[in-house]
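Engineer: Fold the following for me, if possible:
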Amino acid sequence: MAGTSQRVDRLLDQVIEGRRPIIVSSLAEGADRLVADRVLVRSNARLDVVLPLEPDDYERDFATPASVAEFRSLLARADTVETVDVPAGATREEAYERAGHEVVARCDVLIAVWDGAPSRGRGGAAEIIEHARRIGRSVEVVDVSREVAE
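Structural biologist: Okay, the predicted model is just below:
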């Protein structure tokens, strides 16, 4: 992931140029956290978190105790944290999709670290990227397809 971090940094240099760095993220495992980390090392950075589920419920979807700890650490650094409203009886995937759409609604540029693969479920990367493009949001993709293949 070191190469990915460097490519994210270069992209952030271009996207942020002259502006206060603000990241809107759901802090999902992997790319969400990588981008949040890379933004937060910059001076005057801000982190706004939009969660699909309440934090303790969301943490059940993380693979390891280390992942939960990483999530909690980033959450503690957030300027704002909110959970999206979902209708009663909504599935976890619907909550993830709604959070992804809310992130897109709040961003100027969607930065996606993506392997080009289809979404593994509702609200996955491919689906959110397509939604962002459909509504005219600028989308910048850091392609990690070769890294995944290696």
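Engineer: what does stretch 65-73 rub up against?
Structural biologist: With contacts defined as CB atoms under 8 Å, 6 or more residues apart in numbering, stretch 65-73 is touched by L27, E29, R33, P55, Y58, E59, F62. Quick note: C-beta positions are derived from backbone N, CA and C, even for glycine.
Engineer: mind listing what's buried in that stretch?
Structural biologist: By 16 or more other CB atoms under 10 Å, the buried positions in stretch 65-73 come out as S67, V68, E70, F71.
Engineer: Now name the helix or strand holding the residue lying closest to E29 once chain neighbours are set aside.
Structural biologist: What sits nearest to E29 in space, not counting adjacent residues and going by CB to CB, 6 or more residues apart in numbering, is S67, at 5.5 Å. Secondary structure from DSSP states H and E places S67 in helix 65-76.
Engineer: Would you map the strands across this protein?
Structural biologist: Counting by DSSP state E, one finds strands in the chain at the ranges 22-25, 46-51, 80-83, 109-114, 138-143.
Engineer: Run the chain-centre distance for the helix holding S67.
Structural biologist: Taking the mean of its C-alpha atoms, helix 65-76 sits 14 Å from the chain's own mean (CA atoms, centre = their mean, to the nearest Å).
Engineer: Of all residues in the protein, which one is nearest the centre?
Structural biologist: D32 (3.3 Å; CA atoms, centre = their mean).
Engineer: how near is that residue to G89?
Structural biologist: Per CB to CB, to the nearest Å, D32 is found 26 Å from G89.
Engineer: now do I22
Structural biologist: I22 is 33 Å from G89, where distance means CB to CB.
Engineer: Near the residue lying closest to the residue nearest to the centre of the chain once chain neighbours are set aside, how many other residues are there?
Structural biologist: Nearest non-adjacent residue to D32, counting by CB to CB, 6+ apart: S25, 5.0 Å away. The tally of other residues near S25 (other CB atoms under 10 Å) stands at 22.
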